[in-house]
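# missing the sequence, but the structure's below:
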């Protein structure tokens, strides 16, 4: 036994010696390796460290990110490339993405947006908006930006993108900004996009803004901003087709999800609707706004929105439609089911008198078409008022259907629980009883009421692949 132990000790020493010798020869090899799910896997990999990145929270890494993306863009036609952001705090200004590209954040990686406002580039307003939302001129480019791209993945192990928005909010409230505040992430004119498993904090304005794009998956996202921060919408699909938003948690100073398609005459002329949108398993906290808003910039049209399994807590309203004279466009074929609501001002809110025009050149004869709005299977508690439904005189909002909704009232509810004007529709099994413009109707057992579509959208058939990453440092 003694000889065996001595032999074992010799072997251990020899193995350790080999490992240490190999380690010295490679100057302390460190490996990062992991797996993740994505719409596409990549043939090439790099780390932001390879381009001089320093994750100390102080060193500016704008050039490192730009150089990395520029270098990796050469692999677009050769299997694509992925850029790894390891643990650390990576201060940076705006940088662009490229096609067939993955940006991957380690769980302890934080991308910090530069607070030097004068270093942010200014780009043209969106053509469907005419000018910026904060000011009549252009807009500051988003922190992470991409246009005319295909096959882009922004993902991680719940790493963080922090917009450090306080300085922007302060300047906005003081009316000292010349241009519209930047968003954290904007993808334009692009196709096949995935944004997943990340946390977005303190955006200067909107957080995620896919616009003029198609085939988009947004999943496993956490978005956090102070509830009093201005216009910090969570996710704003804008003139997009085939979008899937699922498993998201949002605390916001504005709408958790706002569906858009352009502003007044600019949106009408651009004419690109948002359609075929899935929203499922959303949890929202937004005391001054909606869990899901449709509009108010909806002049290009919004159609076929399917929202399921929505939880809203301390949120002003559940699903709000915002429009007005001059908007034009349409909101139709909207389906919402399985909402669980806790502490609300309104459950149902449709506004036909929303103002906030792009300029004075809007067409007062451009009236929106609002029809086919379906809600079912809703449980709410601690609600101040069940519904506020306001169409437009001479342009009633039609086809409103509400079924199986139980609304528990707060200790000090409004005397009149439903206020309705210029709307038409039906209801069934709704408590408290709706207004006369939404009379109860007998449910057809065969065809149901306010039913959710039974068909599947193309974006729901997209399956993610298992991808891997391995990076060695020498």
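Okay, I see it. Predicted model only: the values in this text are computed from it and were never measured. Residues are numbered from 1 along each chain as shown.

# what sits against residue 299?
Taking CB atoms under 8 Å, 6 or more residues apart in numbering as the criterion, residue 299 is in contact with 128, 261-268, 327-329, 366. For glycine as for every other residue, the C-beta is placed from the backbone atoms N, C-alpha and C.

# which regions of this structure lie under the pLDDT threshold?
1-31, 444-447, 472-474 (pLDDT under 70).

# and the helices in it?
Ranges of helices in the chain, per DSSP state H, are 2-25, 62-72, 166-173, 264-270.

# residue 213 and residue 469, how far apart?
25 Å (CB to CB, to the nearest Å).

# number of nearby residues for residue 107?
Other residues near residue 107 come to 13 when the count uses other CB atoms under 10 Å.

# excluding residues flanking it in the chain, which one is nearest it?
Nearest residue to residue 107 in three dimensions, chain neighbours excluded: residue 157, at 3.7 Å (CB to CB, 6 or more residues apart in numbering).

# residue contacts, the one you found?
Residue 157 sits next to 34, 36, 105-107, 197 when contact means CB under 8 Å, 6+ apart.

# which of the residues you listed fall in strands?
Per DSSP state E, strands hold the following members of those: 34, 36, 105.

# can you get me a residue count around the closest residue to the first one other than its chain neighbours?
Once its chain neighbours are removed from consideration, residue 34 has its nearest residue in residue 469; the separation is 5.6 Å (CB to CB, 6+ apart). By other CB under 10 Å, the residues close to residue 469 number 17.

# my guess is residue 469 contacts residue 85, does it?
No - applying CB atoms under 8 Å, one finds residue 469 not in contact with residue 85, separated by 11.4 Å.

# give the residues shared as contacts by the two.
residue 104.

# if I look at residue 291, how far off is residue 235?
11 Å.

# got any residues that touch both of the two?
With CB under 8 Å, 6+ apart, residue 291 and residue 235 have common neighbours 256-257.

# quick check: bridge partners of the residue most central in space within the chain?
By CA atoms, centre = their mean, the chain has its centre lying nearest to residue 235, at 2.3 Å. Applying DSSP bridges to residue 235 yields these beta-bridge partners: residue 208, residue 257.

# which ones are touching the closest residue to residue 76 other than its chain neighbours?
Excluding its sequence neighbours, the residue lying closest to residue 76 (CB to CB, 6+ apart) is residue 100, at 4.6 Å. Listed by CB under 8 Å, 6+ apart, the contact partners of residue 100 are 40, 42, 75-77, 79-81, 150-152.

# could you pull up the residues touching the residue nearest to the centre of the chain?
Applying CB under 8 Å, 6+ apart, the residues near residue 235 are 207-208, 218, 221, 223, 245, 248, 250, 256-258.

# let's see it at 10 Å
185, 195, 200, 206-210, 216, 218, 221, 223, 243, 245, 248, 250, 252, 255-259, 279, 282, 292 (CB atoms under 10 Å, 6 or more residues apart in numbering).

# so residue 285 is in contact with residue 312, correct?
Yes - if you go by CB atoms under 10 Å, residue 285 and residue 312 touch, sitting 7.6 Å apart.

# which neighbours do the two share?
Common contacts of residue 285 and residue 312 (CB under 10 Å, 6+ apart): 250, 256, 291, 342-343.

# who wins for neighbours among the residues you listed?
Result: residue 291 is most packed of the shared contacts of residue 285 and residue 312 (other CB under 10 Å), 31 neighbours.

# that one and residue 233, how far apart?
In terms of CB to CB, residue 291 sits 12 Å off from residue 233.

# give me the common contacts of these two.
If you check residue 291 and residue 233 against CB under 10 Å, 6+ apart, the residues they both contact are 250, 252, 255-257.

# would you list these in CSV and tack on distance to residue 442?
Below are the shared contacts of residue 291 and residue 233 laid out as CSV (distance: CB to CB, whole Å):
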residue, distance to residue 442
250, 38
252, 40
255, 35
256, 35
257, 34
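
# many thanks, I have nothing further to ask.
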